[in-house]
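S.K.: Need coordinates for the below:
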Amino acid sequence: MTLLESLKKYTTVVADTGDIEAIAQHRPQDATTNPSLLLHAAQMPAYRHLVEEAAELAQEHGGGHEEMAEEFIDHLFVLFGCEILKVVPGRVSTEVAARLSFDTAGTITKARKLILLYENKGVARERILIKIASTWEGIRAAELLEKEGIHCNLTLLFSFAQAVACAEAGVTLISPFVGRIYDWYKKEHCGGEIPADQDPGVASVTHIYNYYKKYGYKTQVMGASFRNVNQIVRLAGSDLLTISPELLDQLGQTQGILDRKLDPVTAQACKEQRLHLDEKTFRWMHNEDAMATEKLAEGIRKFNSDACLLQDYALSQVAEKVS
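M.R.: The predicted structure is shown next:
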């Protein structure tokens, strides 16, 4: 038995890529995408037909170049999502633009549009997760969207405050960033490696998982952003884990059996008191976590930078189509 086969006994495995061939190779349950993954995939010859179709749909929509570029990106996300859903039995996560991270109304509008585009393609909303940054504004948008039957994946999650607020909002799942948490603490240790049994990213996800299971929240935990196989092994039993093709390859090529590390039964021993966060308490609690404050802001900037690169690519494709 491989480590990947063993992991799938306890955890739903999700592919973190826009490369449909890589997804088909590893046969995960779900898949996640983001602007940087989509930009990379869109430039592969195998997916040129999706780029062409997105450009044609944007041209049909009309408007100025920037408006058409936004249409191109929306359609490109949905077209890739539809292709991914042909090779995974579960769901695909499609991201709302990072520039909307502090815009509740804008996030809701964009999420509804993406769901409509999917439904126009014959894809039920149950197979889509709308990916939203775990800001206070994003969490409030997700709370309303969930009530409309639009399921949400709250990303860029680094603090316990974010996790608690997401659970109280009833979101479908959260994506705590294991690797980026590890990176911050490694930098604080002047670049020195942190022992595997003291990994702060793993500890953060374990803490959140135990709290959720202790108090019966329906929100699921999907560890993300892994730096090595050992981080994945130590989170076997998490509801879901989203893993890059490179690490999926390592897991699939390594023989072994994993022990379950996270379990709803053992989670009952969690000592954390149940919290109820209003906006002021959330903002203060999150602010007191220097790592989370810095990584959330950095993550939004990075996702927006990737989105701008995708927009530049979109403008070039629209201009080429118009000319």
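S.K.: Just confirm Gln250 contacts Val229, I think it does.
M.R.: Yes - assessed by C-beta atoms under 8 Å, Gln250 is found in contact with Val229 at 5.1 Å. The way it works is simple: take the backbone N, C-alpha and C, and place the C-beta from them, glycine included.
S.K.: Now list whatever residues contact both of these two.
M.R.: In terms of C-beta atoms under 8 Å, 6 or more residues apart in numbering, Gln250 and Val229 are not both contacted by any residue.
S.K.: Next up, the contacts around the residue nearest to Pro264 when sequence neighbours are not counted.
M.R.: Distance criterion C-beta to C-beta, 6 or more residues apart in numbering; nearest residue to Pro264, sequence neighbours excluded, is Lys213 at 4.3 Å. Contacts for Lys213 (C-beta under 8 Å, 6+ apart) come out as 264, 267-268, 270.
S.K.: Could you give the separation between the terminal residues of stretch 192-210?
M.R.: In stretch 192-210, first residue to last residue: 29 Å (C-alpha to C-alpha, to the nearest Å).
S.K.: switch to numbering from 52
M.R.: With 52 as the first residue, the last one maps to stretch 243-261.
S.K.: thinking again about what came up before, show the buried residues in the contacts of Lys264.
M.R.: 318, 321 (16 or more other C-beta atoms under 10 Å).
S.K.: May I ask which of the contacts of Lys264 comes out lowest in pLDDT?
M.R.: Lowest-confidence member of these: Cys321, scoring 92 (pLDDT).
S.K.: For that residue, give me phi and psi.
M.R.: Dihedral pair for Cys321: phi -50, psi 130, per degrees, to the nearest 10.
S.K.: Could you check how far it is from Asp154?
M.R.: To Asp154, Cys321 is 34 Å away according to C-beta to C-beta, to the nearest Å.
S.K.: Could you do Ala75 as well?
M.R.: Ala75 sits 36 Å away from Asp154, taking C-beta to C-beta as the criterion.
S.K.: So for those two, which residue has more residues nearby?
M.R.: Asp154 (17 against 14; other C-beta atoms under 10 Å).
S.K.: tell me the contacts of Met273?
M.R.: By C-beta under 8 Å, 6+ apart, the contact list for Met273 reads 65, 204, 224-227, 289-293.
S.K.: where does it land in three-state SS?
M.R.: Three-state call for Met273 (DSSP: H, G, I helix; E, B strand; the rest coil): strand.
S.K.: How about Ile181?
M.R.: Under three-state DSSP, the three-state class of Ile181 is strand.
S.K.: Tell me how many other residues crowd it.
M.R.: 27.
S.K.: Run through the stretch 252-374 of the chain and note the low-pLDDT ranges.
M.R.: The stretch 252-374 of the chain contains residues with pLDDT under 70 at 372-374.
S.K.: quick one: the helices in it?
M.R.: Along the stretch 252-374 of the chain, the stretches classed as helices by DSSP state H, counting those that start in this stretch are 280-284, 296-304, 330-338, 341-373.
S.K.: May I have the first one exported as PDB, CA atoms only?
M.R.: Taking only C-alpha atoms (Å, rounded to 0.1, in the frame of the first residue of the first chain), the coordinates of helix 280-284 have been written out as PDB:
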ATOM      1  CA  VAL A 280       5.200  15.000   2.900                       C
ATOM      2  CA  ASN A 281       5.800  14.900   6.700                       C
ATOM      3  CA  GLN A 282       3.300  17.700   7.200                       C
ATOM      4  CA  ILE A 283       0.700  15.700   5.300                       C
ATOM      5  CA  VAL A 284       1.400  12.500   7.300                       C
END
